[in-house]
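J.: take a look and give me a structure for this.
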Amino acid sequence: MATGGSEEPPSSSGRKRHSNRLIHEKSSYLLQHAHNPVDWYPWGPEAFAKAKKEHKPIFLSVGYSTCHWCHVMERESFENEEIGKIMNENFVCIKVDREERPDVDKVYMAFVQATTGGGGWPMSVWLTPDLKPFAGGTYFAPEDGSHQPGFKTVLKNLADQWKRDRNGIIERSNKILTALQKGVAMSSGREGVPPSCPQVMETCFQQLTNSYDDEYGGFRESPKFPSPVNFNFLFRLWALNKTSAKGARALEMALHTLKMMAHGGIHDHIGQGFHRYSTDRHWHVPHFEKMLYDQGQLAVSYTEAYQTSGDKFFADIARDILLYVSRDLSDESGGFYSAEDADSHPSANSVAKKEGAFCVWTEQEIRELLPDPVSDATQTITMADVFAYYYGMKRNGNVEPAQDPHGELKNKNVLILRYSPQLTAVKFGLELENVKDILSTCRNRLAEARKRRPCPHLDSKMVASWNGLMISGFARAGAVLGEKTYILRATKAATFLKEHMFDSNTGRLLRSCYRGSEGVVEQGASPISGFLDDYAFVIRSLMDLYEASFEEQWLEWAVKLQEKQDELFWDAKEFGYFTDDANDASVLLRLKEDQDGAEPSGNAVAASNLVRLANFTNRPDWTIRSKQIVTTFEKLLKGIPMALPEMVIGLMTQHHPLKQVVIRGELEAPDTQELIQCINAHFVPNKILLLADGNSESFLYKTLPFLSTLELKDGKATAYICQNFSCSLPVTKAAELKTLLIK
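T.: Numbers count the residues shown, from 1 in each chain. Predicted coordinates:
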């Protein structure tokens, strides 16, 4: 649906008037700025050398291709000839795609947050020629406002300060860097022990409960973010406390939030998938960009919601997400694209883009598209009446002015489910199945109409970590829902990663690659090596894919990547993993991510990965390393565990003995499949699933010798529940296995 490439407007002569060095880059975000009048440089030695040679400060602008306010600042400031001239004369200007270089982004975001109390994108930072920050912020309007100086004023003031007091600024920047180094340093986990798991779980649960919105779900008033890590924790808390009030409350918070999200405008009811976040507490008016990392994590969340509740509604939403990704975010080579933009042209003749233009509707449009009379109703109505009632549409639009600061959604409707199919049937005197058929017909017709609209920009960058999240989404949903096509899609993506984003000579992952001309997968001129998140998320996805497909090659690769992750990122002195390796001298700080955000912390995912891998491979050293990670984050886990619920899950994985569920049988045999389906039907998080097919030469049999002792019972596929490589009595019936799994 979306379109890739650079979409910069031409000059009045029809030609693009400027081309800077970004024209040679692969990143969609950098290419979007390739025709600014600003003399942009990519992050690298050419820009650094120029700053040192000319004794100029650096202006660093960091963002990403689907960032709405990044687009706004570009239109207002970076396309402005006067502002561009000020920037070029006084600064060496560098553009960074934060999705390509999260290491650079995190260093300077730490500075902006420490000095301004906030953060976000676009991020604007001024550096000395040796890359030390001395001033920063986020979005700046071009001209002075009542409460904040404009970008033009800030540029002039900082340029003047640099000329008058360069040595003073350099001295202050050195002190700032020293303070940052102290601020991000973490106490050693070497002498400590992991915190009390029951206490941390209880604190995390209480903190989430206290922030929970009982009416609309979610864990703050507004804006509201999906935060899949919260669901991960709540489902696992329920699994350990199924019969208690606490467990019931945890499950209710997760399921209610997921249901309200699916009903809300954050969910694309016509084109499927989820937008980034909601600007209000009702999940109604979103920021309309769609990110791959949200789709991958939410596919897992809705799959687990189906497992825990048995409610087909959640399975349908998981399928909805995977349909969107398969159709709109998939490269023919197997990889997954990063994102779709929030902004697009309202019509083919439009000059300016507007946020949400691709997704919103006027009432008149609906009436023109859905004029069909509904013959069985107790009143004279059309399909438009049914659709508008169900989705809360209004003649003058259903978006409050407070949610539309730029007036881009005036008279528009963001679809949100206001009434159930049952209430809609009662309203119009219709049979329930008739209402469902009408709504389905309406959605299909609107989807066809939307295809005629100008599509939002597609960021066709493919990021290893996000592909890992999406592989997990397809693999987990495929296993639980019994959809082999999902497992095959996950396999295709994993194969893509190994072929295009892995250097077999060095054993290292690459961070990103790109859809080039004629659909060919391309790398940048200087390929970017993978970061901790790339390894942690891909390793987890490979274990998920093994448990869905039982192809041991994915488990073998996961082991090799874990060994490489340990080599590149492990802090042998203070414990925990650094975000990046130590090979790039331009990155001034090596950080350890200490909280979950839109994506889980790499350290948190690694803590669980290590326990799973230890049980797949009989590597007790990895269990020890997992405990060392958790100990490193002990202070935060004791104080504000809701800041990193994925790390709480890592602690839970250590505290509660992990089950090794082994199926002895032939993969395609019906009795083997029956046992596997029984396992996947139930939410049993603290386990690994292995297939023992009798091949003594296989990777698993060589790694786990105890598998050779497990035999078929009465010639039938047989399940064993093992802990610490000691197994229960064998069972051959699904009902018996269920009893062992959920006791």
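
J.: can you give me the helices for the stretch 351-500 of the chain?
T.: Shown for the stretch 351-500 of the chain, the helices assigned by DSSP state H, counting those that start in this stretch span residues 363-369, 383-390, 421-428, 432-450, 464-481, 484-500.

J.: and the ones you listed, which is most packed in?
T.: With neighbours taken as mean count of other CB atoms under 10 Å, the helices of the stretch 351-500 of the chain reach their highest mean count in helix 464-481, at a mean of 27. C-betas here are computed from N, CA, C, even on glycine.

J.: average pLDDT for it, rounded please.
T.: Helix 464-481 shows a mean pLDDT of 98.

J.: quick one, strands of the stretch 1-150 of the chain?
T.: Taking DSSP state E, counting those that start in this stretch, the strands of the stretch 1-150 of the chain run over residues 40-42, 58-63, 92-97, 123-127, 133-137.

J.: my guess is Val72 contacts Tyr139, does it?
T.: Yes - assessed by CB atoms under 8 Å, Val72 is found in contact with Tyr139 at 7.0 Å.

J.: shared neighbours of those two, anything?
T.: When CB atoms under 8 Å, 6 or more residues apart in numbering defines a contact, no residue borders Val72 and Tyr139 alike.

J.: neighbour count winner among those two?
T.: Counting neighbours by other CB atoms under 10 Å for Val72 and for Tyr139 shows that Tyr139 has the greater number, 20 against 16.

J.: tell me the strands beside the lowest-mean-pLDDT helix or strand in the chain, with direction?
T.: Every helix and strand in the chain was compared by mean pLDDT, DSSP states H and E; the lowest is strand 726-727, with a mean of 84. Here strand 726-727 is paired, per DSSP bridges, with strand 718-723 (antiparallel).

J.: buried ones in the partner strand?
T.: Across strand 718-723, burial judged by 16 or more other CB atoms under 10 Å covers Thr718, Ala719, Tyr720, Ile721, Cys722.

J.: using TSV, lay out those residues together with distance to Leu30 and pLDDT.
T.: Putting those into TSV (distance: CB to CB, whole Å; pLDDT from 0 to 100) gives the following:
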residue	distance to Leu30	pLDDT
Thr718	56	98
Ala719	53	97
Tyr720	53	96
Ile721	52	95
Cys722	51	92
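
J.: who are the neighbours in contact with Glu76?
T.: Contacts of Glu76 by CB under 8 Å, 6+ apart are Ala141, Pro142, Phe151.

J.: go on, Gly63?
T.: Tyr29, Cys70, Val96, Asp97, Arg98, Trp121, Pro122, Met123.

J.: pretty sure the second one sits against Phe78.
T.: No - at 9.5 Å, Cys70 and Phe78 do not qualify as touching, with contact defined as CB under 8 Å.

J.: how close does the residue nearest the centre of the chain sit to Val605?
T.: Residue closest to the average C-alpha location in the chain (CA atoms, centre = their mean): Tyr293, at 2.3 Å. Plainly put, Tyr293 is 13 Å away from Val605 if you go by CB to CB, to the nearest Å.

J.: which one of the contacts of Gly63 is nearest Glu355?
T.: Closest to Glu355 out of those is Cys70 (12.3 Å), distances taken as CB to CB.

J.: hey, what's the closest residue in space to the closest one that isn't next to it in sequence bridged with?
T.: Leaving out its chain neighbours, the residue that sits closest to Cys70 by CB to CB, 6 or more residues apart in numbering is Gly63, at 3.6 Å. Taking DSSP bridges as the rule, Gly63 bridges to Asp97.

J.: and the pLDDT for Gly63?
T.: With respect to pLDDT, Gly63 has a value of 97.

J.: do the one 3 residues further on as well
T.: Looking at Thr66, its pLDDT stands at 91.

J.: from His68, how far out is the spatially closest residue to it that is not a sequence neighbour?
T.: Using CB to CB, 6+ apart and skipping residues adjacent in sequence, the residue nearest Thr66 is Glu289, 4.0 Å away. Distance, Glu289 to His68, by CB to CB: 7 Å.

J.: do the same with Ile471
T.: From Ile471 over to His68 the distance is 28 Å, taken as CB to CB.

J.: check which helices and strands the helix or strand that contains Leu155 sits against.
T.: For Leu155, the element it lies in under DSSP states H and E is helix 151-164. With contacts taken as 3 or more CB pairs under 8 Å, 6 or more residues apart in numbering; DSSP states H and E, helix 151-164 sits against helix 81-90, strand 133-137.

J.: would JSON lines of these with distance to Ser173, mean pLDDT and mean neighbour count be doable?
T.: Formatted as JSON lines, the helices and strands packed on helix 151-164 follow (distance: least, CB to CB, whole Å; pLDDT from 0 to 100; neighbours: other CB atoms under 10 Å):
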{"stretch": "helix 81-90", "distance to Ser173": "17", "mean pLDDT": "98", "mean neighbour count": "16"}
{"stretch": "strand 133-137", "distance to Ser173": "4", "mean pLDDT": "97", "mean neighbour count": "22"}
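
J.: make TSV out of the ones you listed and add distance to Ser698.
T.: Shown next, in TSV, are these (distance: least, CB to CB, whole Å):
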stretch	distance to Ser698
helix 81-90	60
strand 133-137	53
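
J.: quick one: closest of these to Gly516.
T.: Per CB to CB, nearest to Gly516 of those: helix 81-90, 29.0 Å.

J.: which other residues reach the closest one?
T.: Residues outside helix 81-90 that contact it (CB under 8 Å, 6+ apart) are 36-39, 56-57, 59, 77-78, 93, 142, 151-152, 155-156, 158-159, 162.

J.: which of those residues are buried? Put it as a ChimeraX command.
T.: Per 16+ other CB under 10 Å, the buried members of the contacts of helix 81-90 correspond to this ChimeraX selection:
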select :36,37,38,39,56,57,59,77,78,93,142,151,152,155,158,159,162
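
J.: which stretches of the stretch 401-550 of the chain have low pLDDT?
T.: In the prediction, the stretch 401-550 of the chain carries no residues with pLDDT under 70.

J.: go on, the chain?
T.: Counting by pLDDT under 70, the chain has low-confidence residues at 1-16, 187-191.

J.: which residue packs closest to Cys678, ignoring adjacent ones?
T.: Distance criterion CB to CB, 6+ apart; nearest residue to Cys678, sequence neighbours excluded, is Ala734 at 4.0 Å.

J.: who's in contact with the closest residue to Pro42 other than its chain neighbours?
T.: Computed as CB to CB, 6+ apart, the closest residue to Pro42 that is not its neighbour in sequence is Glu25, at 5.7 Å. By CB under 8 Å, 6+ apart, the residues touching Glu25 are Leu31, Ala34, Pro42, Gly524.

J.: I'd like to know which elements the strand or helix carrying Ala735 is packed against.
T.: Using DSSP H and E, Ala735 sits in helix 734-742. Here helix 734-742 is seen to pack against helix 670-681, strand 718-723 when contacts are counted using 3+ CB pairs under 8 Å, 6+ apart.

J.: what's the angle from that helix to strand 718-723?
T.: Orientation of helix 734-742 against strand 718-723 (axes from the mean of the first three to the mean of the last three CA atoms, to 10 degrees) gives an angle of 10 degrees.

J.: quick one: which of the contacts of Gly63 is most hemmed in?
T.: Busiest of the contacts of Gly63 [other CB under 10 Å] is Asp97, holding 29 neighbours.

J.: who's in contact with that one?
T.: Ser27, Ser28, Tyr29, Leu30, Val62, Gly63, Tyr64, Ser65, Lys461.

J.: before we move on, what SS does the nearest residue to Val107 once chain neighbours are set aside have?
T.: Distances taken as CB to CB, 6+ apart place Leu589 nearest to Val107, at 4.9 Å, with adjacent residues excluded. Using DSSP: H, G, I helix; E, B strand; the rest coil, the structure places Leu589 in coil.
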